[in-house]
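# next input, structure requested:
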Amino acid sequence: MNDLSDIRRGAFAPGNSTDVAEALLMETGLRVDETRRRGRGAGINASGRFEALSRESEDDGWNVLEELAPFKTEVQIEKPRTIISRNESPDIPFDRSVNPYRGCEHGCIYCFARPTHAYMGLSPGLDFEARLFAKPDAPRLLERELAKPGYKVRPIALGTNTDPYQPIEREWRIMRQILEVLKAADHPVMIVTKSALVTRDIDLLAPMAEKGLVKVGLSVTTLDRKLARLLEPRAATPALRLEAIRDLSSAGIPTSVLVAPIIPALNDHEIERILESAKTAGASEASYVLLRLPLEVSPLFRDWLLRHYPDRYRHVMSLVRSMRGGKDYDADFTKRMKGAGPYAWQIGRRFDMAAKRLELNLTRRALNCDLFVPPLGMGVQLSLL
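Purely as a prediction, here's the structure:
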């Protein structure tokens with residue numbers, strides 16, 4: 001389908017067609033050929049916002065673009081000095097997190113973490129899902145930071161920025177080593193993922209769950225396998241995520257479902273079905289997040305929407321903006337997760353009613369912070385006393 005031709009022949013209704021045309025004219029010049037990005041979420045790879053120069057590919061008639069190699073996953077080693085990230089955001093239920101990887105091969109088009117790749121001089125588009133960074137020193141750094149005098153125990157969140165169980169974890173196994181450090185120290189941990197690979201670590205998670213040290217949340221965006229493939233091209237299928245919930249809960253590990261993101265006029269009709277399926281699989285808690293489009297995520301998502309659902313572009317973006325004060329995104333702490341306005345209120349009420357009917361969230365399990373024992377592993381500096 002040629003989107004520009006659709007505009008010229010009036011496939012988009014008058015009134016808002018200017019908005020669509022402007023988006024297309026701005027972004028089609030940056031769009032990467034489909035054969036080079038097969039199996040990826042983003043369609044463009046614009047330069048990061050901190051770069052002095054902006055580059056875009058242009059076919060000069062010599063077929064140079066057709067000869068460029070497809071995007072392949074590349075992993076570089078990152079050597080941070082510390083591994084625990086802190087935050088004071090009032091709308092987030094944790095104050096510290098650990099990220100074993102930077103970038104995410106899952107390629108979720110809506111991922112709010114995409115803009116962080118600009119700090120590496122890379123694009124939040126295709127670079128974010130193809131040019132990844134692994135932190136093999138993370139377990140050693142974690143041991144060292146947990147052993148510091150005066151360290152105060154609070155649950156550590158894993159999977160807050162990029163998925164710790166993304167495909168490259170099968171080879172690098174950094175997430176598993178982090179769990180081994182936390183298990184040895186009896187440190188509480190919260191995990192969020194959309195990968196069935198989490199079940200690999202049940203042998204670590206189950207003993208931690210017996211001590212009240214762990215909770216696992218599975219993100220389920222849709223039950224429609226086709227839509228999931230387009231939104232999250234390299235993530236586990238919806239069926240595998242529900243199976244992971246079943247396996248984890250059967251092993252005695254407290255499990256929740258995160259309906260995220262809710263995209264108006266695209267997957268919001270599935271809220272109740274997702275909650276019902278997760279409850280049947282064994283989830284005991286549930287939460288949701290409205291679609292967030294900060295910084296570079298907005299043009300990436302709009303380009304994706306125009307490629308896959310051009311007939312819904314106007315309607316989806318109109319509803320998104322109605323919940324974000326007329327903008328693509330509102331970063332206000334009181335609104336960024338749930339939105340505002342009548343449509344956002346309706347989504348919230350539907351979610352609350354379905355969760356209540358299914359007896360989800362009857363209790364919110366608090367993790368045990370009283371068992372922590374500072375580690376004495378290889379990463380810990382010994383006292384001189």
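# look at R31 and report its pLDDT.
On the pLDDT scale, R31 is placed at 84.
# equivalent analysis for R364, please.
R364 carries a pLDDT value of 87.
# name the nearest residue to it, sequence neighbours excluded.
Counting by C-beta to C-beta, 6 or more residues apart in numbering, the nearest residue to R364 once its immediate chain neighbours are dropped is E285, at 6.6 Å. (C-beta placed from N, C-alpha, C; glycine too.)
# test my guess that that neighbour contacts L358.
No. Contact criterion C-beta atoms under 8 Å: E285 and L358 do not qualify, at 11.0 Å.
# list the contacts of the host helix or strand of L230.
Here L230, judged by DSSP states H and E, is contained in helix 225-231. By C-beta atoms under 8 Å, 6 or more residues apart in numbering, the surrounding residues in contact with helix 225-231 are 41, 108-110, 221-222, 235, 237-239, 266-267, 304, 308.
# could you pull out the helices in this protein for me?
In the chain, the helices defined using DSSP state H lie at 3-8, 17-27, 126-130, 138-146, 169-172, 174-184, 202-210, 225-231, 238-250, 271-281, 297-308, 313-322, 342-357.
# contacts for the fifth one?
To tie it back to what came earlier, the one meant is helix 169-172. Contacts of helix 169-172 (C-beta under 8 Å, 6+ apart): 75, 100-101, 134, 136, 175-176, 195, 197.
# max pairwise distance over those: which two?
Comparing all pairs in these by C-beta to C-beta, the longest separation belongs to P136 and S195, at 19.4 Å.
# so the two - more neighbours on which side?
The neighbour count for P136 versus S195, taken as other C-beta atoms under 10 Å, is higher for S195 (25 against 14).
# tell me which residues touch the closest residue to that one other than its chain neighbours, please.
Closest residue to S195 apart from its sequence neighbours, by C-beta to C-beta, 6+ apart: Y165 at 3.7 Å. Going by C-beta under 8 Å, 6+ apart, Y165 touches 159, 175, 193, 195, 197-198.
# same deal with L242?
Counted by C-beta under 8 Å, 6+ apart, L242 has contacts 218, 220, 277-278, 281.
# centre-most residue in this structure?
C111 (4.8 Å; C-alpha atoms, centre = their mean).
# correct me, but that one touches H117?
No. Using C-beta under 8 Å, C111 makes no contact with H117, being 10.2 Å away.
# count of residues packed around P207?
So P207, with other C-beta under 10 Å, has 14 neighbours.
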